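A.B. asks: Okay, predicted coordinates and the sequence, questions at the end:
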Amino acid sequence: MISLKRTALAVGAAALMTFSLTACGSSASGAPTNASKADFCSAYKSEGAAFNGLDKGDYAGLATAMHSFADKLKSVGTPAGMPSDARAGFEAMVGAASNADAGKIKDGVAQVQAAMKGSSSPSDSDVETKLFGMSSSDVKNAEAFDKYAAGLCD
């Protein structure tokens, strides 16, 4: 979901950085755990299409695209045998995307832009926290999910 991270900042600023969302509210814990590889990978790879065409500053469009992408992932679910940390990352990201809020995204982008003006660039974890309030454990699990999905779907 690295391109989603970039989309979040590209919509809010010209910078390319990283994605994540606050992992509160709607959960993906009820998503199926027996998706076929083909269905899972198709849903996972549909991310790019979900965010194409968003204009800079279109926070409402970004939030809507995140909701749609989350709905697609949640309906498909994950393949059997996914490692527990990757599944936790899936649940956190899908749950968070379901609750994406245009105002919070806009505020987070402003915080990240301010941090980027400092002497050092913020880490991916800092960006994820500032953009959408993702906890350190959710960041770690999201990274496990991305690694798993990228390896499975390449």
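C.D. replies: It's in. Numbers count the residues shown, from 1 in each chain.
A.B. asks: Let's test this: what are the backbone torsions at the closest residue to C153 other than its chain neighbours?
C.D. replies: Of all residues beyond its chain neighbours, the one nearest C153 is C41 (3.8 Å), with distances taken as Cβ to Cβ, 6 or more residues apart in numbering. (C-beta placed from N, C-alpha, C; glycine too.) Main-chain dihedrals, C41, degrees, to the nearest 10: phi -70, psi -40.
A.B. asks: Which pLDDT value goes with C41?
C.D. replies: Reading off the confidence values, C41 has pLDDT 95.
A.B. asks: and it, how many residues sit next to it?
C.D. replies: 17 (other Cβ atoms under 10 Å).
A.B. asks: so it sits right up against G151, yeah?
C.D. replies: No. Here C41 does not reach G151: they are 10.8 Å apart, not a contact under Cβ atoms under 8 Å.
A.B. asks: picking that back up, now do the contacts for the residue nearest to C153.
C.D. replies: For C41, the contacting residues are A149, L152, C153, taking Cβ atoms under 8 Å, 6 or more residues apart in numbering as the criterion.
A.B. asks: And it, how far from L62?
C.D. replies: In this view, C41 and L62 are 23 Å apart by Cβ to Cβ, to the nearest Å.
A.B. asks: same thing with K72?
C.D. replies: If you go by Cβ to Cβ, the gap between K72 and L62 works out to 16 Å.
A.B. asks: of these two, who's got more company?
C.D. replies: L62 (25 against 17).
A.B. asks: What's the end-to-end length of stretch 91-111?
C.D. replies: One end of stretch 91-111 to the other measures 25 Å (Cα to Cα, to the nearest Å).
A.B. asks: which intervals of this structure have sub-threshold pLDDT?
C.D. replies: Across the chain, the stretches falling below the confidence threshold (pLDDT under 70) are 1-27, 118-134.
A.B. asks: List the buried residues of stretch 67-81.
C.D. replies: Neighbour counts using 16 or more other Cβ atoms under 10 Å place H67, F69, A70, K72, L73, K74, V76, G77, T78, P79 of stretch 67-81 among the buried residues.
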